[in-house]
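Trainee: Below is the sequence, then the predicted model.
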Amino acid sequence: MSPCRRRRKSDEELLAALCVLVVVGLVLVMLGQWVLAHWWVLLVLGFLSLLALAGWIYKGVEQMRSARLRVEGLTYSLGQLDGMHHSAFETAVRDLLARDGSHDALRCGGRGDPGADVKGHDPHGRFWVLQCKHRKKGLDGAAVGTPELQTLNGTGRPVHGGDVVVMVTNGKISQPAREFARQQRLHLVDRRLLEQWARGRRPLWEILPSIPPPRKPPRVR
């Protein structure tokens, strides 16, 4: 491209930019004039925005309050737990942990989960990692065995950083698995303990033996 053409193109681009600036300036002036003439519209819009914000905050607070009320005093029978899908069973365990005072109880189970279905801190600051094994037939179902506990043991502390690592089942646990759990400081909630936890009002950290000491004073609920 020749120097004359480049100069002409540059002048055209500059002229176009100036035109755009002029148009934008005129639009802003007109908008300012309209705002001055219709200031009350801005007040109405601001008021409506505040109402919408207040409604959104109120809805969020009510949702949190409803969630808290759902878990306060929550109980399950063994029949209810047996009839659940395995994902609903995990949710029930999470809700029981929340009922006991875990403010961050979370269901994290699913396909590909690294050996944890529920996690959360108790009011004493200890971090709990729970693996759930649901048996449709309850005690008549397959026993939780050593391989399942080995998986939990391999991730509960190294991967998730759990202070308390727990296997929860509505079925039974084999004797070799119980011995392995004792050796590796894993905690077991079998059908008997599950019923005691789910139907009672005592938190799991008061039911299970040999729980690690608190990390902090209990949080006021």
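Mentor: Yep, it's here. Just so we're clear, the structure is a prediction, and the values are computed from it rather than from any experiment.

Trainee: lowest confidence element among the helices and strands of this protein?
Mentor: Among the helical and strand segments of the chain, the one scoring lowest on mean pLDDT, DSSP states H and E is helix 39-71, with a mean of 64.

Trainee: Which positions in the next helix-or-strand element following that one come out as buried?
Mentor: With elements assigned by DSSP states H and E, the helix or strand that comes after helix 39-71 is helix 78-82. By 16 or more other CB atoms under 10 Å, the buried positions in helix 78-82 come out as Leu78, Leu81, Asp82. Every C-beta, even on glycine, is put in place using the N, C-alpha and C of the backbone.

Trainee: And for the residue nearest to Arg94 when sequence neighbours are not counted, the neighbour number?
Mentor: Once flanking residues are discounted, Arg94 sits nearest to Arg107: 4.3 Å by CB to CB, 6 or more residues apart in numbering. Arg107 has 21 neighbouring residues, counting by other CB atoms under 10 Å.

Trainee: ok, Arg107 - contacts?
Mentor: Glu90, Thr91, Val93, Arg94, Asp117, Val118 (CB atoms under 8 Å, 6 or more residues apart in numbering).

Trainee: ok, and the most crowded of those?
Mentor: Val93 (29 neighbours).

Trainee: quick one on the thing from earlier: same list, the buried residues of helix 78-82, but as JSON lines with distance to Leu18 please.
Mentor: Shown next, in JSON lines, are these (distance: CB to CB, whole Å):
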{"residue": "Leu78", "distance to Leu18": "80"}
{"residue": "Leu81", "distance to Leu18": "75"}
{"residue": "Asp82", "distance to Leu18": "78"}
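
Trainee: circling back: can you check the pLDDT for the residue nearest to Arg94?
Mentor: pLDDT, Arg107: 94.

Trainee: gap between it and Thr91?
Mentor: 5 Å (CB to CB, to the nearest Å).

Trainee: for Ser49, same thing?
Mentor: Ser49 is 37 Å from Thr91, by CB to CB.

Trainee: now do Glu148
Mentor: Distance, Glu148 to Thr91, by CB to CB: 20 Å.

Trainee: Repeat that for Lys136.
Mentor: For Lys136, the distance to Thr91 - CB to CB - is 16 Å.

Trainee: for Gly156, same thing?
Mentor: 20 Å.

Trainee: burial of His86, as a residue count?
Mentor: His86 has 14 neighbouring residues, counting by other CB under 10 Å.

Trainee: So for it, what's the pLDDT?
Mentor: 93.

Trainee: Quick one: residues contacting it.
Mentor: Cys132, His134.

Trainee: Helices along the protein, start to end?
Mentor: In the chain, the helices defined using DSSP state H lie at 3-37, 39-71, 78-82, 86-99, 146-156, 175-184, 191-199, 204-207.

Trainee: Show me the domain layout of this structure.
Mentor: Using automatic domain parsing, the domains assigned to the chain come out as 3-70, 75-207.

Trainee: what would these look like in JSON lines with distance to Pro213?
Mentor: Shown next, in JSON lines, are the domains of the chain (distance: least, CB to CB, whole Å):
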{"stretch": "domain 3-70", "distance to Pro213": "28"}
{"stretch": "domain 75-207", "distance to Pro213": "8"}
